[in-house]
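In: Structure for the following, please:
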Amino acid sequence: MKKKFTPENIQELKENQIFVFGSNMNGNHAGGAARLAVEKFGAIMGQAEGLQGQSYAIPTLNEDMEKVTEEDLITYLGNLRNFANEHPEKEFLLTAIGTGIAGFDTNYMAYMALRANLPDNVTIPEEFSKIKGFKGFNSDMTCRGFKYEEGKDYEEQGDISACSNGFHYCLHPLDVFGYYPPAYIGMNKFHEVEGSGDMDVDTDDTKIACSKIHIGAELSIKSIVDAAIKFTFSKCKWVKEKIATGYQGAASATGDYGAASATGNQGAASATGYQGAASATGNRGAASATGYQGAASATGDYGAASATGNRGAASATGDYGAASATGDYGAASATGNRGAASATGDYGAASATGDYGAASATGNRGAASATGDYGAASATGNQGAASATGNRGAASATGYQGAASATGYQGAASATGKESIALAAGKDCKAKGALGCWIVLTERGEWDENTYPIISVKAFKVDGKSIKEDTFYTLINGEAVEMK
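Out: Model (predicted):
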């Protein structure tokens, strides 16, 4: 059965209908839908939650008029679910709770309503019927054997069930790294998407299954980091103090030389002043330092760190973490497994040392290094350098006079910028280049209990004839052999 939508601009109710509105823990129904509930549908001042007249209150603000926690939302929506199940004769008209005075993101509240698994006698507002998120793909835009295209819409038939049937994606930007690491053989891709139709959730993380999906634009590592920080900050309670240690707490230091620290799970820290520093050490925390010479560090799992000011530094050491430093001379480091680091400013450097990590330095003379197995490094700025030292890593240098080096077992090096060089130095490595570039290939012998001994090293110019452009080659018996 398709979910019915709540009518807009409700002014009267049928005898069996209940108006569901967002409230606060003080029961002060003074504005928005809450005020309408008092004036028309029997809501009671001072009653924070539950049935009152022909209305039902769900708290979205606490006693201090701050956003309630995600756990509280789960509880309050669960109470509505249980009450609606106990009264199948009633129709509960859920309004866009939390998206007005409370300030929650509409997309997030749509997800929370979906997660609550509300029964069919609860209608939802139409703006809750579509949920945006993030989806990972293989390098060829396939996922679970199905090929997608950017800008296209797809529809799945049958019962939709998370981890079983339907199109899958994640609400939290970094959760996609758990399914598609930011770097892998051939480089995975990430896109923003929008799901609709029949939907289901997996409560182990923020995975969503849907019957209809739209594939939006491709996202860079930096875009994912920025989205992760925005996602985390949108749910946090900001405090006047510079340290927030509670669960889902947030800290903000906006003055010069200020520092902000959020040590609780899912916390967020922001230091926007000159030479400020921000640190979020809890799981899924986010840290952002936007001021000149600022530094941001997120050490918890799923954390994200962003330092956008000049000479800033960002470090995310937790698994699935991501770090982005966009200012000039900035540096980004993600040392956790499957982490990603992006430094887009001039002279920036990005390093991802965990397995499956990815590092991207897009500024002029930037450098990117991925030392974990299956890692990938990309340097797109002029004279940039990319190095992938782990087994099966990939290095790409697309800028003018850039260099890419893959030294691990079965690594790949790519030089697509003008006058660039791709070096494949590891065992069974391969390299490719654009027309006019050079590739350096290494042939190694079998393991001798110490190393893979070098047999020969040769350099080849990509002339489009004997060495084709954009084609991987390896060295066998001293000859460049095209990889099929």
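In: tell me the domain ranges of this structure?
Out: 17-128, 131-219, 364-484 (automatic domain parsing).
In: How far does the second one stretch from one end to the other?
Out: Distance between the boundary residues of domain 131-219 (C-alpha to C-alpha, to the nearest Å) amounts to 17 Å.
In: Below-threshold pLDDT in the stretch 1-150 of the chain: ranges please.
Out: 1-2 (pLDDT under 70).
In: what's near enough to touch residue 128?
Out: 94, 96, 106, 109, 110, 113, 114 (C-beta atoms under 8 Å, 6 or more residues apart in numbering). From N, CA and C alone the C-beta is placed, and that goes for glycine too.
In: Deepest in the core, which of the domains of the chain is it.
Out: Comparing the domains of the chain by mean neighbour count (mean count of other C-beta atoms under 10 Å), domain 364-484 ranks first with a mean of 21.
In: average pLDDT across the one helix or strand residue 314 maps to?
Out: In this structure, residue 314 sits in strand 313-316 according to DSSP states H and E. Strand 313-316 shows a mean pLDDT of 78.
In: so what strands line up beside it?
Out: Strands that pair with strand 313-316, judged by DSSP bridges, come out as strand 295-298 (parallel), strand 331-334 (parallel).
In: and the closest residue to residue 400 other than its chain neighbours, how far is that from residue 420?
Out: When the adjacent residues along the chain are set aside, residue 400 lies closest to residue 382, with 4.3 Å between them (C-beta to C-beta, 6 or more residues apart in numbering). Distance, residue 382 to residue 420, using C-beta to C-beta, to the nearest Å: 10 Å.
In: And residue 27, by the same measure?
Out: For residue 27 relative to residue 420 (C-beta to C-beta), the value is 66 Å.
In: that older thread, chain center to the following helix or strand past the strand holding residue 314: distance?
Out: Next helix or strand after strand 313-316 toward the C-terminus (DSSP H and E): strand 322-325. Chain-centre distance of strand 322-325: 12 Å, with C-alpha atoms, centre = their mean, to the nearest Å.
In: Could you export strand 322-325 as PDB, CA atoms only?
Out: The C-alpha trace of strand 322-325 is given here as PDB (Å, rounded to 0.1, in the frame of the first residue of the first chain):
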ATOM      1  CA  ALA A 322      38.100  11.900   5.500                       C
ATOM      2  CA  ALA A 323      40.200  15.000   5.600                       C
ATOM      3  CA  SER A 324      40.100  18.100   3.400                       C
ATOM      4  CA  ALA A 325      42.400  21.100   3.400                       C
END
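In: Which strands or helices does that strand pack on?
Out: The criterion is 3 or more C-beta pairs under 8 Å, 6 or more residues apart in numbering; DSSP states H and E, and the helices and strands that strand 322-325 contacts are helix 221-235, strand 304-307, strand 313-316, strand 331-334, strand 340-343.
In: ok, of these, where does mean pLDDT dip lowest?
Out: helix 221-235 (a mean of 73).
In: Overlap of the contact sets of residue 382 and residue 420?
Out: 399, 400, 401, 402.
In: Considering the residues you listed, which is situated nearest to residue 430?
Out: residue 402 (17.8 Å; C-beta to C-beta).
In: Hmm, the closest one is touching residue 420, no?
Out: Yes: using C-beta atoms under 8 Å, residue 402 is in contact with residue 420, at 4.5 Å.
In: Centre-most residue in this protein?
Out: Central residue of the chain (C-alpha atoms, centre = their mean): residue 173, 2.0 Å from the mean position.
In: After the strand ranked longest in the chain, heading C-terminal, what element do we hit next?
Out: For the chain, the longest strand by residue count, based on DSSP state E, is strand 189-202. Counting by DSSP H and E, the next helix or strand C-terminal to strand 189-202 is strand 207-218.
In: strand partners of that next one, parallel vs antiparallel please.
Out: By DSSP bridges, strand 207-218 pairs with strand 153-155 (antiparallel), strand 167-170 (antiparallel), strand 189-202 (antiparallel).
In: Touching the second one from outside, list them.
Out: Which is strand 167-170. Contact partners of strand 167-170, identified using C-beta under 8 Å, 6+ apart, comprise 133-135, 143-144, 154, 156, 162, 176, 179, 193, 195, 205-213.
In: let's see 7 Å
Out: Contact partners of strand 167-170, identified using C-beta atoms under 7 Å, 6 or more residues apart in numbering, comprise 133-135, 154, 156, 176, 193, 195, 205-210, 213.
In: now do the first one
Out: For strand 153-155, contacts defined as C-beta under 7 Å, 6+ apart pick out 148, 167, 211, 212, 213, 214.
In: Which one of the residues you listed is nearest to residue 472?
Out: residue 148 (24.7 Å).
In: what sits against the nearest residue to residue 397 once chain neighbours are set aside?
Out: With C-beta to C-beta, 6+ apart as the criterion, residue 397 has its nearest non-adjacent residue at 3.9 Å, and that residue is residue 404. Contact partners of residue 404, counting by C-beta under 7 Å, 6+ apart, are 386, 395, 396, 397, 413, 414, 415, 422, 423.
In: what about residue 404, helix or strand, and which?
Out: Using DSSP H and E, residue 404 sits in strand 403-406.
In: helix or strand right after that strand?
Out: strand 412-415.
In: what's the following helix or strand after that next one?
Out: strand 421-424.
In: Mind giving me the packing neighbours of that following strand?
Out: Strand 421-424 sits against strand 403-406, strand 412-415, strand 430-433, strand 438-444, with contacts defined as 3 or more C-beta pairs under 7 Å, 6 or more residues apart in numbering; DSSP states H and E.
In: rerun at 10 Å
Out: Where contact means 3 or more C-beta pairs under 10 Å, 6 or more residues apart in numbering; DSSP states H and E, strand 421-424 is packed against strand 385-388, strand 394-397, strand 403-406, strand 412-415, strand 430-433, strand 438-444, strand 454-461, strand 473-476.
In: now it: mean pLDDT?
Out: 91.
In: Other residues contacting it?
Out: 385-387, 395-397, 401-407, 410-416, 429-434, 437-443, 457, 459, 462, 472-475 (C-beta atoms under 10 Å, 6 or more residues apart in numbering).
In: try 6 Å
Out: 403-406, 413-415, 430-431, 433, 438-442 (C-beta atoms under 6 Å, 6 or more residues apart in numbering).
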